[in-house]
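**Q** here are the coordinates; sequence isn't available:
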């Protein structure tokens with residue numbers, strides 16, 4: 001049975017989608033951008049702060065589901081400018097243990113929602 005995952009500690013969806021959906025032992029986290037859930041404002045001070053906010057939003061959803069970053073199987077990272085790769089990657093790496101890092105792709109795209117610089121989605125084991 002499909003279960004909708006929602007927490008007030010991550011941004012509310014800005015369209016017709018859920019923060020995350022679980023089904024048969026997997027959770028699919030929708031793409032997260034750097035919206036501060038407490039204020040509704042974007043965190044765009046610099047790419048490091050933006051990436052941390054994205055990862056904090058993912059962490060809030062993981063916590064709501066009772067799991068952590070070690071349960072993340074795969075991330076999809078979308079960036080506006082591939083020249084930011086190293087800086088994004090440095091922040092991203094702080095959330096994963098080297099032995100449990102998920103599969104991942106990181107691709108440059110033309111634009112992202114609300115014209116942010118990074119968006120990350122995830123597939124997570126929740127059993």
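**A** That came through fine. Everything numeric here is computed off the predicted structure, so don't read it as measured data.

**Q** can we go C-alpha only for contacts and neighbour counts from here?
**A** OK.

**Q** in this protein, which spans are strands?
**A** Along the chain, the stretches classed as strands by DSSP state E are 3-5, 20-23, 26-32, 72-79, 103-108, 118-125.

**Q** what's the longest helix in the chain?
**A** The residue-count maximum for a helix in the chain (DSSP state H) belongs to helix 47-64.

**Q** endpoint to endpoint, stretch 99-106 covers what distance?
**A** 20 Å (Cα to Cα, to the nearest Å).

**Q** any chance of the strands of the chain in a markdown table, plus mean pLDDT, mean neighbour count and distance to residue 45?
**A** Below are those laid out as a markdown table (pLDDT from 0 to 100; neighbours: other Cα atoms under 10 Å; distance: least, Cα to Cα, whole Å):
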| stretch | mean pLDDT | mean neighbour count | distance to residue 45 |
| --- | --- | --- | --- |
| strand 3-5 | 97 | 14 | 29 |
| strand 20-23 | 98 | 18 | 27 |
| strand 26-32 | 98 | 22 | 17 |
| strand 72-79 | 98 | 19 | 16 |
| strand 103-108 | 98 | 14 | 20 |
| strand 118-125 | 98 | 22 | 13 |
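
**Q** so who does the closest residue to residue 26 other than its chain neighbours touch?
**A** The shortest distance from residue 26 to any non-neighbouring residue, by Cα to Cα, 6 or more residues apart in numbering, is to residue 125 (4.7 Å). Neighbouring residues of residue 125 by Cα atoms under 8 Å, 6 or more residues apart in numbering: 25-27, 71-73.

**Q** separation between residue 125 and residue 40?
**A** For residue 125, the distance to residue 40 equals 29 Å [Cα to Cα].

**Q** next: residue 31.
**A** Note on residue 31: its distance to residue 40, by Cα to Cα, is 16 Å.

**Q** right, I'll leave it there.
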